[in-house]
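Engineer: The amino acid sequence is not available; the structure is as follows:
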C-alpha cells in the first residue's frame, strides 16, 4: 500500500512539476520533499497541532501564495482520532483560503491533490 502510494505520488509530481518546484503537503509529509526533490513553500516542515497565533497562520498562508504554489496535497485526519486535531479544524483559516484558491483534482492514496485556480483573488 505504501509503495503504491509513493509510486502514484511520484508519477503525479513527475508529470506535473519539476525538481525544485514548490509543492505543499498539509499537515506535512516531509518525506515527499526529500524523495521527489520538491520544495515546501512555507517555513514549517509540518503543522501538526496548531499555529501559535493568527499572525503565524497568516504568514503561513502568505508564503504559500508568494511562492505560486500550484499543488497542495491534503491529508486531513487526526492520528489519534480526535476531531479537534484535524488540520481543517486547527488551521481553519488556512483551509478556508485553500478552498477559495484551489480545487480538488485527484486523490492519490490518502492524499487529496488540490490545484491552484488561476482566477483566484
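Structural biologist: Great, that's in hand. Everything quoted here is computed from the prediction, not taken from an experiment. Numbering: from 1, shown residues only.

Engineer: measure residue 41 to residue 82 for me?
Structural biologist: Separation of residue 41 from residue 82 (Cβ to Cβ, to the nearest Å): 28 Å. To be clear about C-beta, it is placed using only N, CA and C from the backbone, and glycine gets the same treatment.

Engineer: Skipping adjacent residues, who's closest to the spatially most central residue of the chain in space?
Structural biologist: For the chain, the residue sitting closest to the mean C-alpha position, by Cα atoms, centre = their mean, is residue 25 at 2.8 Å. Nearest residue to residue 25 in three dimensions, chain neighbours excluded: residue 73, at 4.5 Å (Cβ to Cβ, 6 or more residues apart in numbering).

Engineer: my read is the one you found is in a strand, agree?
Structural biologist: Yes: according to DSSP: H, G, I helix; E, B strand; the rest coil, residue 73 belongs to a strand.

Engineer: Let me know how buried residue 91 is, in neighbour terms.
Structural biologist: 22 (other Cβ atoms under 10 Å).

Engineer: close enough to count as contact, it and residue 54?
Structural biologist: No: assessed by Cβ atoms under 8 Å, residue 91 is found out of contact with residue 54, at 11.0 Å.

Engineer: Overlap of the contact sets of these two?
Structural biologist: Listed contacts common to residue 91 and residue 54 are nil; contacts here mean Cβ atoms under 8 Å, 6 or more residues apart in numbering.

Engineer: before we move on, back to that, that's a helix at the residue nearest to the centre of the chain, yeah?
Structural biologist: No: counting by three-state DSSP, residue 25 falls outside a helix, being strand.

Engineer: And the pLDDT for residue 48?
Structural biologist: Residue 48 carries a pLDDT score of 62 in this model.

Engineer: circling back to that earlier point, ok, the residue nearest to the centre of the chain - contacts?
Structural biologist: With Cβ under 8 Å, 6+ apart, residue 25 has these contacts: 32-33, 40, 72-75, 111.

Engineer: Excluding chain neighbours, what is closest to residue 54?
Structural biologist: Leaving aside its sequence neighbours, residue 54 sits nearest to residue 93 (Cβ to Cβ, 6+ apart; 7.1 Å).

Engineer: One more: residue 60?
Structural biologist: That would be residue 42: by Cβ to Cβ, 6+ apart, it lies 5.4 Å from residue 60.
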